[in-house]
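J.: got a sequence here, can you model it:
(one chain, ligands or ions: 2)
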Amino acid sequence: MTADTSSTAPATAARTHLAFEDVSMAFGDREVFRNLSFRFPPAEISVILGGSGSGKSTALRLLGGLIQPVSGCILVDGDDITQLSEQQMYAVRAKLGMLFQGGALLDSMTVFDNLAFPLRERDGMSDADIERRVREVLEAVGLEDAEELLPGQLSGGMVRRAGLARAIATRPLILLCDEPFSGLDPISARRIEALLVEINRRFRMTVVVVSHDIPSTMRMASEVLLLLPDGAVEGTPAALQASTDARVASFLNPDLDAAALHEVGRVESLPNRPHGAPTW
Ligand code: ADP
Ligand code: MG
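T.: Ligands and ions are numbered 1, 2, ... in the order given. Below you'll find the predicted structure:
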């Protein structure tokens, strides 16, 4: 077992951009994943889709090296990050941009300084380069007129765009976004979606989005990992739409589900059904 693994793992790792291989994860007694494997392609948008509590944020935090799995390999740009020291993880984190829920902009700093901070502290860029880079990413998210504002002076959609600008300011290879649309009105959510697509194309950045929103997933994803209570399914949006797996079909078409149940007069018994709408 050990001889085979050690002779093949490095070759696999060198070709693998972003993947779980047989990852098991638990918090105490609570098992979240058992032998979960998936692979996301470079320079594309992949979406981790699933209901509340299905493990989406956990999967993203594992990819970002913020938590450790119980077992299995997590490959990021060729490295199995479960095997790296804190020191080695530093180089991996430099390849990652993260837009996490509540993803904190510092309230006491202007938008400009929030973006400049990691560039100055971590990358040691010159003032002129920082200014150029900050202006470029603020322009990319449509916030070029907001650089002197404090986060408290921005709307919810603008805060999210500023967080996105901050996450891409360091030019990461891979951008990880946890529920980037949650809490936004539909127009702001569509704007964030369009920005993620633009960032992916313009910077050829791999984008991983955690979401429970089916329509936007189907529009922007190249690859989808659907986390279900009893396992996971991976495929392109078209492959998932065509799936004959009843669990996949009912997740992707909650309205059909409700309509079918309504026909047999059982809809009243459904607890608080959101008619397929997002739950925020
Ligand atoms: P999702 O993002 O899909 O809503 P999460 O990944 O946040 O789901 O959580 C998956 C499961 O793991 C849930 O049952 C959640 O309660 C549990 N969980 C997540 N983080 C922790 C933690 N730090 N400690 C204990 N349980 C956790
Ligand atoms: Mg979550």
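
J.: for Leu138, give me its contacts.
T.: By Cβ atoms under 8 Å, 6 or more residues apart in numbering, the contact list for Leu138 reads Val111, Phe112, Leu115, Glu144, Ala146, Glu147, Ala165. For the C-beta atoms, the positions are set from N, CA and C on the backbone; glycine is no exception.

J.: and the residue lying closest to it once chain neighbours are set aside, how many neighbours does it have?
T.: Taking Cβ to Cβ, 6 or more residues apart in numbering, and ignoring the residues beside it in sequence, Leu138 has Glu144 as its nearest neighbour in space, at 5.1 Å. Around Glu144 there are 12 other residues, counting by other Cβ atoms under 10 Å.

J.: and Leu138, helix, strand or coil?
T.: Reduced to three states with DSSP: H, G, I helix; E, B strand; the rest coil, the structure at Leu138 is helix.

J.: quick one on the thing from earlier: now, among the contacts of Leu138, which is nearest to ligand 1?
T.: Ala165 (23.8 Å; Cβ to the nearest ligand atom).

J.: wait, the closest one touches Leu115, no?
T.: Yes - if you go by Cβ atoms under 8 Å, Ala165 and Leu115 touch, sitting 5.9 Å apart.

J.: what is in contact with these two at once?
T.: Common neighbours of Ala165 and Leu115 (Cβ under 8 Å, 6+ apart) are Val137, Leu138.

J.: what's near enough to touch Leu173?
T.: Asp77, Lys95, Leu96, Met205, Thr206.

J.: most surrounded residue in those?
T.: If you count neighbours using other Cβ under 10 Å, the busiest of the contacts of Leu173 is Thr206, which has 25 neighbours.

J.: gap between that residue and Leu226?
T.: According to Cβ to Cβ, to the nearest Å, Thr206 and Leu226 sit 19 Å apart.

J.: what pLDDT does Ser85 get?
T.: What the model reports for Ser85 is a pLDDT of 95.

J.: now, the most widely separated pair of the contacts of Leu173?
T.: Distance extremes for those: the farthest pair is Asp77 and Met205 at 12.3 Å, using Cβ to Cβ.

J.: quickly list what's touching both of those two.
T.: Between them, Asp77 and Met205 share these contacting residues under Cβ under 8 Å, 6+ apart: Leu173, Ile174.

J.: which parts of the one helix or strand Leu60 maps to are buried?
T.: Assessed by DSSP states H and E, Leu60 sits inside helix 56-63. For helix 56-63, burial by neighbour count (16 or more other Cβ atoms under 10 Å) applies to Lys56, Ser57, Thr58, Ala59, Leu60, Arg61, Leu62, Leu63.

J.: and it, how far from the chain's centre?
T.: 8 Å (Cα atoms, centre = their mean, to the nearest Å).

J.: which residues sit against the helix or strand following it?
T.: Toward the C-terminus, helix 56-63 is succeeded by strand 71-76 as the next helix or strand (DSSP H and E). Here strand 71-76 makes contact (Cβ under 8 Å, 6+ apart) with 9, 12-13, 16-24, 35-36, 62-63, 65, 80-82, 92, 95-96, 174.

J.: what's the ChimeraX line that selects buried ones from these?
T.: A single ChimeraX command is used to select the members of the contacts of strand 71-76 judged buried by 16+ other Cβ under 10 Å:
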select :13,16,17,18,19,20,21,23,36,62,63,65,80,81,82,92,96,174
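
J.: next step: the contacts of strand 71-76 restricted to strands.
T.: Within these, residues falling in strands by DSSP state E are Leu18, Ala19, Phe20, Glu21, Asp22, Val23, Ser24, Asn35, Leu36, Asp80, Leu96, Ile174.

J.: turn those into CSV, columns for pLDDT and distance to Pro215.
T.: Output for those, formatted as CSV (pLDDT from 0 to 100; distance: Cβ to Cβ, whole Å):
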residue, pLDDT, distance to Pro215
Leu18, 98, 24
Ala19, 98, 27
Phe20, 98, 26
Glu21, 98, 31
Asp22, 97, 32
Val23, 98, 28
Ser24, 98, 32
Asn35, 97, 31
Leu36, 97, 25
Asp80, 97, 35
Leu96, 96, 27
Ile174, 98, 24
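
J.: how about the residues you listed, which pair is most distant?
T.: Longest span within the ones in strands among the contacts of strand 71-76, Cβ to Cβ: Asn35 and Leu96, 24.4 Å.

J.: much appreciated, bye for now.
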